[in-house]
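A.B. asks: sequence? don't have it. structure:
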């Protein structure tokens with residue numbers, strides 16, 4: 001994964017640091033998380049935040065091999 005340096009507002013970085021600590025993420029990973037949510041929300045403006053949040057969690061569960069089969073009826 002390529003990385004690059006960018007300038008960010010100090011208040012944004014400070015808030016990301018606090019939230020990251022609370023959610024066991026590094027500051028850069030917290031900012032990446034917010035960017036990911038923002039991108040999804042802009043691409044899908046009709047979706048509620050909770051749906052997007054659950055979709056991100058579901059994707060992580062899939063990647064971790066933690067999904068179970070569901071049989072209808």
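C.D. replies: Perfect, I can see it now. Note that this is a predicted model, so its numbers are computed, not measured.

A.B. asks: What secondary structure category should be reported for residue 71?
C.D. replies: coil (DSSP: H, G, I helix; E, B strand; the rest coil).

A.B. asks: Next, count neighbours for residue 36.
C.D. replies: Using other C-beta atoms under 10 Å, residue 36 has 12 other residues around it. Placement of C-beta: from N, CA and C, glycine included.

A.B. asks: What sits closest to it if chain neighbours are left out?
C.D. replies: Excluding the flanking residues, the one nearest residue 36 by C-beta to C-beta, 6 or more residues apart in numbering is residue 56, at 7.1 Å.

A.B. asks: just residue 49 next, same as before
C.D. replies: For residue 49, ignoring the flanking residues on the chain, the nearest one in space by C-beta to C-beta, 6+ apart is residue 41 at 7.1 Å.

A.B. asks: Now do the one you found against residue 53, distance only.
C.D. replies: Using C-beta to C-beta, to the nearest Å, we find residue 41 at a distance of 10 Å from residue 53.
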